[in-house]
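# I'd like to go over a predicted model; first the sequence, then the structure.
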Amino acid sequence: MSPSQPLTVGIIGTGGMGTRHAVNLRRLVGGVQVAGLYDADAGRLHQAAALCGGVTLYDDPQRLVQDPGIQAVVIASPDDTHVEYVLECLRLGKPVLCEKPLATSVADAERVISAEISSGKRLISLGFMRRFDPQHAAVYQAARSGQIGRPLLYKGVHRNASIPYDVSGEVILTNSAGHDIDAARWLLGQQVQEVYVRGVRSRAAFSENTRDLLLIQLALSGGCLAAIEVFVAAQYGYEVSAELVGEQGSAATLQPDFALLRRAGQRSHPIPGEWLERFQQAYVAELCAWVTSLQAGERFPGASAWDGYLALLITAACIRSLRSGLPEAVGQPDTPAFYT
Ligand SMILES: NC(=O)c1ccc[n+]([C@@H]2O[C@H](COP(=O)([O-])OP(=O)(O)OC[C@H]3O[C@@H](n4cnc5c(N)ncnc54)[C@H](O)[C@@H]3O)[C@@H](O)[C@H]2O)c1
């Protein structure tokens with residue numbers, strides 16, 4: 001890849017997230033060209049193409065990955081399709097930014113890890129974009145600079161306004177809570193050793209086994225703890241917050257800077273409706289860092305495939321805990337030298 005030439009990127013999956021990545025790459029990231037798109041739904045593909053202009057449309061995702069005119073790939077298709085596309089990128093030695101989760105099972109994530117190690121190159125970047133959110137980054141910096149002393153506790157809140165269907169606790173853990181698990185690991189700088197998860201059904205209209213509000217407790221190395229609320233039917237809006245409590249203080253994310261409105265005897269400010277609004281700065285920063293790292297031949301500063309694998313290992317223990325009602329240990333695999 002030459003810094004003087006734009007990096008040509010193909011995007012697989014042009015729904016909400018893939019279209020946002022396409023538009024951000026085209027309008028807000030330098031040194032890159034959105035060159036190819038694929039979606040299983042022709043209507044969604046053409047909607048995204050209309051926003052990109054001058055882009056090749058593929059009717060087969062493998063052909064997009066295999067096209068020599070595509071230098072790097074973004075995967076934003078449904079969770080259970082990620083592994084197939086990531087493995088094809090690895091086979092061809094193409095860098096890939098894969099939306100979370102890396103896979104939907106630990107076994108599949110292990111296949112991806114083996115394939116990446118065999119390829120001999122760190123080709124996979126994972127879309128845990130909170131690592132690029134300015135508010136989360138400020139908490140990270142406050143902790144790393146020693147301002148709050150040794151971090152002891154991560155407190156996370158993750159609320160979605162609503163879910164389109166009755167969703168099991170297992171799906172919420174795999175699809176949504178991975179972000180929170182990664183944030184706890186990253187901000188505390190420790191490894192998760194044990195988990196304890198309880199869930200409730202917030203309303204009778206949901207099916208019997210729905211657990212849309214989860215309380216996740218983590219015990220980490222270094223004597224650290226984490227307590228995370230994931231509530232996907234909170235009704236009022238989308239909200240994510242994080243606080244690190246340390247020996248000498250605490251650091252917490254502030255909400256994005258909306259105007260504070262004083263009116264009719266009340267002070268108020270808006271709450272984002274969903275993640276695309278709340279995390280737009282993070283998505284752009286993540287893409288900029290990815291493109292810059294590829295152009296410079298440097299390592300991506302965000303999450304790796306190993307982070308994605310660990311998130312799934314922890315998620316699997318959370319699912320066991322939700323089923324058993326008991327704390328569950330998390331395996332502690334040695335980090336391969338490839339990922340240190
Ligand atoms: N990082 C984040 O903040 C974040 C936020 C939302 C979603 N995501 C992840 O991004 C991915 C996409 O989520 P979304 O919200 O855009 O979903 P979406 O349903 O809006 O879009 C998914 C798209 O994939 C297409 N598709 C279906 N099967 C496909 C296949 N086999 N191959 C290629 N495309 C296929 C669909 O037609 C659809 O257009 C998911 O993995 C999700 O977990 C990440």
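Cool, the structure landed.

# any idea whether the closest residue to D80 other than its chain neighbours is helix, strand or coil?
Using C-beta to C-beta, 6 or more residues apart in numbering and skipping the chain neighbours, the partner closest in space to D80 is T104 (5.1 Å). Bear in mind the C-beta positions are built from the backbone N, C-alpha and C, glycine included. Put simply, T104 is coil when judged by DSSP: H, G, I helix; E, B strand; the rest coil.

# now for the one helix or strand E110 maps to, which elements pack on it?
Using DSSP states H and E, E110 sits in helix 106-119. Helices and strands touching helix 106-119, by 3 or more C-beta pairs under 8 Å, 6 or more residues apart in numbering; DSSP states H and E, are helix 82-91, helix 305-324.

# Tell me which of those helices sits nearest to N160.
Ranking these by their distance to N160 (criterion: C-beta to C-beta) puts helix 305-324 first, at 17.3 Å.

# Give the other helices and strands that that closest one contacts.
When contacts are defined as 3+ C-beta pairs under 8 Å, 6+ apart, helix 305-324 packs onto helix 106-119, strand 124-126, helix 169-175, helix 177-188, strand 192-200, strand 213-220, strand 328-329.

# buried stuff in the longest one?
Going back to what we said before, that points to helix 106-119. For helix 106-119, burial by neighbour count (16 or more other C-beta atoms under 10 Å) applies to V106, D108, A109, V112, I113, A115, E116, I117, S119.

# What residue, apart from its backbone neighbours, is nearest E274 spatially?
Using C-beta to C-beta, 6+ apart, the nearest residue to E274 is Y238, at 4.8 Å.

# who in the stretch 1-150 of the chain is up against the ligand?
Within reach of the ligand by C-beta under 6 Å from any ligand atom, the stretch 1-150 of the chain has these residues: 12-18, 39-41, 44, 61, 76-79, 81, 99-100, 127, 129.

# residues near T335, how many?
Neighbour count of T335, defined by other C-beta atoms under 10 Å: 11.

# can you check L57 too?
L57 has 16 neighbouring residues, counting by other C-beta under 10 Å.

# ok, it to the ligand distance?
Applying C-beta to the nearest ligand atom, to the nearest Å, the value for L57 to the ligand is 13 Å.

# same check, this time on A184
On the measure of C-beta to the nearest ligand atom, A184 and the ligand end up 16 Å apart.

# How about the contacts made by that residue?
With contact taken as C-beta atoms under 8 Å, 6 or more residues apart in numbering, A184 is in contact with Y154, G156, V192, L218, L220, A226, I228.

# same deal with L92?
Listed by C-beta under 8 Å, 6+ apart, the contact set of L92 reads V65, Q66.

# before we move on, what about G246?
A143, I148, G149, R150, P151, L152.

# Report how many residues lie close to the residue in the chain positioned nearest to the ligand.
Closest approach between the chain and the ligand, counting by C-beta to the nearest ligand atom: G15, at 1.8 Å. Summarising burial for G15: neighbours were counted as other C-beta under 10 Å, giving 16.

# Was I right to think it contacts D39?
Yes: the criterion here is C-beta atoms under 8 Å, and G15 meets it with D39 at 7.2 Å.

# Give the intersection of the neighbour lists for the two.
S77.

# low-scoring stretches of the stretch 1-150 of the chain, by residue?
1-3 (pLDDT under 70).

# measure the nearest residue to V330 once chain neighbours are set aside to S324 for me?
Closest residue to V330 apart from its sequence neighbours, by C-beta to C-beta, 6+ apart: A317 at 4.5 Å. Look at A317 and S324: by C-beta to C-beta, to the nearest Å, they are 10 Å apart.

# which ones are touching the residue nearest the centre of the chain?
The centroid of the chain falls nearest to F128 when counting by C-alpha atoms, centre = their mean (2.8 Å). With contact set as C-beta under 8 Å, 6+ apart, F128 has these partners: K100, G178, H179, D182, A183, W186, G302, A303, D307, G308, A311.

# same deal with S304?
R122, I124, S125, L126, Y339.

# Quickly list what it is bridged to.
Going by DSSP bridges, S304 is paired in beta bridges with S125.

# Which stretches in the stretch 1-150 of the chain count as strands?
Secondary structure of the stretch 1-150 of the chain, counting by DSSP state E, counting those that start in this stretch: strands at 7-12, 32-38, 56-57, 72-75, 96-98, 124-126.

# Listing partners with orientation, what would you give for the first one?
The one in question is strand 7-12. Here, using DSSP bridges, strand 7-12 pairs with strand 32-38 (parallel), strand 72-75 (parallel).

# I am finished for the moment; much appreciated.
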